[in-house]
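> Need the 3D shape of this:
(chains A and B)
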Amino acid sequence: MTEEDQKAASDRKPYEAPKIIRVSLRPDEAVLGHCKISGSGGPVNPGSCTALKCSSPGS
Amino acid sequence: MQFAGVLTGNAMSTSACIREDFRHDRAGKRLAARIGGISLGLTSEPSGPLLIADEALEDFLVDMERCDVEFEVGFSDPIGAPHGQLIFDSGGLWKLYRDAEGFCFRFATPHLGPTPYKQARVSDDFSCGRIELARQYFPAAKPVNPLEYPLDELLWIHRLAMGEGVEVHGCGVIAPDGRGMLLTGHSGAGKSTSARLWSRHHAARVLSDDRIILRQENGRIQMYGTPWHGDAGIAEAAQSPVDAIFVLQHGQANELRPLGAAEGAAELFARSFVPHHSHRGLSSVLKFFHAVTSSVPCFGFSFVPDFTAVEAVCRA
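Predicted coordinates:
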């Protein structure tokens, strides 16, 4: 093994086995399906939804 | 200016009523806004409604005749049967259909029954379309906000997923030293709490307490404030480069844990708003997050809800 090969080997990162990482998903939030206040939306409730006082499904 | 809300016994406060009247005074046949660097214009048809913006959108309004995305707005009586194939059902307010001409978002609520109160037909490239309002639910004399939640965010999310960026659940802060910090988290993770803490820091600037748009510009990741605020009500039409990303979690102490690029991308993806029905869109978003976490350091951040959390982020 040449000196160059030895240096390359020592610079190499140690092997790390792949691992599975779990992340939590919140499908109800991710799809923008519901109003966080009334569970509704649209023109039926002008006092809240139509005025967009509720802009997101949880914040 | 009228105070109809007060005179008719409406529960609105006087100040809220004045704001509402002020907004109605500004109703017109054209509305345009720019969010996250993407402009969207609405033009009401001759027989269409007067258009009005949500209060939170006002800082994002622009005076543009031609936007990146253009919509016509009109009434429909009633909204007809859907065209094309159902490709996504949110389980809530909206469903998405696809046909040869493009996409169609249809909105219905249990309060009004299964008939849609609104639909938005959009071209395949999300550059133009038409919003139809069911006449029976929208009195002609009353100004209408056609972009009412969730259509506004849906349009931006889909347009961004065409390789332009992504919207994330996050609080964006410009620290006193000028560094841009993205604090991302699910509902209840502490975004609005963090925004309030940072707001007390006079030299800091908060772009949003709930929704941030990320884009890559000139080789740097930029974050934009949006009008879609959370409980702290912070929505600023401004932008900043992102220098660090923190995945929020309530804890017993302030603890920062560096995340690898893959883990950071996964955590961001879990807190993003993407077109789940679109393979092309998801691929674009994953590629984008790879670029984000390859260039911006990410940390898991367990924090306590006091000012020491701000100091911990400033030291990172």
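
> What about A:Arg11, how many residues nearby?
Arg isn't right for residue A:11; it's Asp. Look at A:Asp11: counted by other CB atoms under 10 Å in any protein chain shown, it has 7 neighbours. No exception for glycine: its C-beta is placed from N, CA and C like everyone else's.

> make that B:Phe273, sorry
26.

> hang on, B:Gly123 packs against B:Asp99?
Let me fix one detail, which is that residue B:123 is Ser and not Gly. No. Counting by CB atoms under 8 Å, B:Asp99 is not a contact partner of B:Ser123; they are 11.5 Å apart.

> shaky segments in chain A?
For chain A, residues meeting the criterion pLDDT under 70 lie at A:1, A:35-59.

> Now with 80, please.
A:1-2, A:7-10, A:34-59 (pLDDT under 80).

> any chance you could map the helices in it?
A:3-11, A:27-30 (DSSP state H).

> So what does B:Gly41 have for phi and psi?
Main-chain dihedrals, B:Gly41, degrees, to the nearest 10: phi -120, psi 140.

> ignore the last one, B:Phe289
phi -70, psi -30.

> how much space between the closest residue to it other than its chain neighbours and B:Asp125?
In this structure, B:Phe289 finds its nearest non-sequential neighbour in B:Ala265, 4.1 Å apart by CB to CB, 6 or more residues apart in numbering or on different chains. Distance of B:Ala265 to B:Asp125, computed by CB to CB, to the nearest Å: 26 Å.

> Same check on B:Ser39?
Distance of B:Ser39 to B:Asp125, given as CB to CB: 15 Å.

> Same check on B:Ile52?
B:Ile52 is 28 Å from B:Asp125, by CB to CB.

> For these two, indicate the residue with more neighbours.
B:Ile52 (22 against 10).

> Can you tell me the closest non-neighbouring residue to that one?
Spatial nearest neighbour of B:Ile52, chain neighbours left out: B:Pro143 (3.8 Å); criterion: CB to CB, 6+ apart.

> OK, contacts around residue 32?
Assuming you mean chain A. A:56-57, B:90, B:92-94, B:149-150, B:153-154, B:157, B:273 (CB atoms under 8 Å, 6 or more residues apart in numbering or on different chains).

> Can you look at chain B instead?
Going by CB under 8 Å, 6+ apart, the list of residues near B:Ala32 reads B:39-42, B:61-64, B:67.

> If you go by neighbour count, which of these are buried?
B:39-42, B:67 (16 or more other CB atoms under 10 Å in any protein chain shown).

> ok, and which of those residues reach chain A?
Among the buried ones among the contacts of B:Ala32, none lies close to chain A by the criterion of CB under 8 Å from any CB of the partner chain.

> related to what we said a few turns ago, I'd assumed B:Gly48 was in contact with the residue nearest to B:Ile52.
No. At 11.1 Å, B:Pro143 does not count as touching B:Gly48 under the criterion of CB under 8 Å.

> low pLDDT regions in the stretch 101-250 of chain B?
Within the stretch 101-250 of chain B, the segments meeting pLDDT under 80 span B:140, B:202.

> can you give me the strands for it?
Ranges of strands within the stretch 101-250 of chain B are B:102-109, B:113-123, B:128-134, B:166-174, B:180-184, B:205-208, B:211-217, B:220-225, B:239-241, B:244-250, based on DSSP state E, counting those that start in this stretch.

> Need those in CSV (columns: distance to B:Asp306 and mean neighbour count).
Listed next are the strands of the stretch 101-250 of chain B as CSV, based on distance: least, CB to CB, whole Å; neighbours: other CB atoms under 10 Å in any protein chain shown:
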stretch, distance to B:Asp306, mean neighbour count
strand B:102-109, 40, 22
strand B:113-123, 43, 19
strand B:128-134, 45, 21
strand B:166-174, 16, 28
strand B:180-184, 15, 25
strand B:205-208, 17, 24
strand B:211-217, 23, 23
strand B:220-225, 24, 22
strand B:239-241, 25, 19
strand B:244-250, 12, 21
